[in-house]
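Trainee: Compute the structure for the input listed below.
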Amino acid sequence: MSERALDGSIRAIRRSVGRSVSDMNKRVHIIGVPMDLGAGRRGVDIGPSALRVAGLGAKIGELGYPVTDEGNVFVELVERLKDENCKAHYLDEIVGASVRLADMTKAALDNDGMPVVLGGDHSIAVGSVSGVAKHFHEIGQRVGIIWFDAHADMNTPESTLSGNIHGMPLACLMGRGPSELVNIGGFAPKVDPKNVALIGIRDIDPGERALIREMGVRAFSAREMDERGMNAIMDEALEIASNGTAGYHVTLDVDFIDPRFAPGVGTPVPGGATYRESHLAMERIADHGGMLSLEYAELNPIFDVRNQSAEVGVELLLSALGKSIL
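Mentor: Okay, the predicted model is just below:
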């Protein structure tokens, strides 16, 4: 065998080993969540449509996965609602949508599939992770989370400055927040803080900073990304999320990426990950092979440029699912 052929065989083996947990026979279940009740700006409810228009389903199929698009979770229209909770806006409606989403993500895993969840504001993570966690809770296992975000999403009704629930989902999943969200599925917390890796933060509130320290969450700031590089951070994050778990949920907020590359977000924060840093993170996840479910949140086409952020999102999701340059 020539040296070039041998190198190609080694790369193929590495790719195969990396995908052993989420192998190519798993059916990908695309689940849209047109949720804008948790955010302070309108428009994220059409994020799932933008990702579908960018060809997500067909492109996942080209990687070799069987694909089923499950459609969208029902979410109440804000125009039909009266909001009376200033510390957790539209709580009841978000709980309802989260329960429906949890049922769908759990069903995908119960059938040996992989949920790919399209948002919608980041409050959707309460539902997606609750369903993933319940599937494994029933067989005596726990899950981890790798959370890519400019924000910590660890406010509570006591600490929030806005009352917007999209700033609370990670706290809820670790057992802090409105009991109606915390206890979805009948148990809490959904994830142990020691299995949470929060990557890319650069805009956090005082209450979140205190809770990060109190709960011992490993948070990788933008400064640490600069100093250590994405590869070193992913080494540590993958170890954290997989240590003693069945695997991990990956959730990617568009604002993790620098707005130069993904402008379609309602809460842009300069200084985010570059296009290649973002892809490297997803490629490392694919190589590791421990991903159980995947999510792209906070895509707001109203602020986008010619669907650029949706197209970037599709490419990043494909990298996490195993698409490689060679």
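Trainee: quick one, what contacts the residue nearest the centre of the chain?
Mentor: Nearest residue to the geometric centre of the chain (C-alpha atoms, centre = their mean): residue 251, 1.2 Å. Residues near residue 251 by C-beta atoms under 8 Å, 6 or more residues apart in numbering: 122, 125, 128-129, 145-149, 294-295, 297. Bear in mind the C-beta positions are built from the backbone N, C-alpha and C, glycine included.
Trainee: Among these, which lie within helices?
Mentor: Judged by DSSP state H, the subset of these located in helices is 125, 128-129.
Trainee: returning to that earlier point: of the contacts of residue 251, closest to residue 256?
Mentor: Using C-beta to C-beta, residue 148 is the member of the contacts of residue 251 that lies nearest residue 256, at 4.0 Å.
Trainee: Any figure for the gap between the residue nearest to residue 97 when sequence neighbours are not counted and residue 121?
Mentor: On the basis of C-beta to C-beta, 6 or more residues apart in numbering, the spatially nearest residue to residue 97 that is not a chain neighbour turns out to be residue 75, at 4.8 Å. From residue 75 over to residue 121 the distance is 10 Å, taken as C-beta to C-beta, to the nearest Å.
Trainee: Need the residues touching each of the two.
Mentor: 35-37.
Trainee: re the thing from before, just say helix, strand or coil for the residue nearest to the centre of the chain.
Mentor: Following DSSP: H, G, I helix; E, B strand; the rest coil, the label given to residue 251 is strand.
Trainee: Packing partners of the helix ranked longest in the chain?
Mentor: Longest helix of the chain, by residue count under DSSP H: helix 91-110. Judged by 3 or more C-beta pairs under 8 Å, 6 or more residues apart in numbering; DSSP states H and E, the packing partners of helix 91-110 are strand 28-33, strand 114-119, helix 124-137, helix 179-182, strand 291-297.
Trainee: so for that helix, what's the average pLDDT?
Mentor: Averaging pLDDT along helix 91-110 yields 98.
Trainee: Specify the angle between it and strand 28-33 in degrees.
Mentor: 180 degrees (axes from the mean of the first three to the mean of the last three C-alpha atoms, to 10 degrees).
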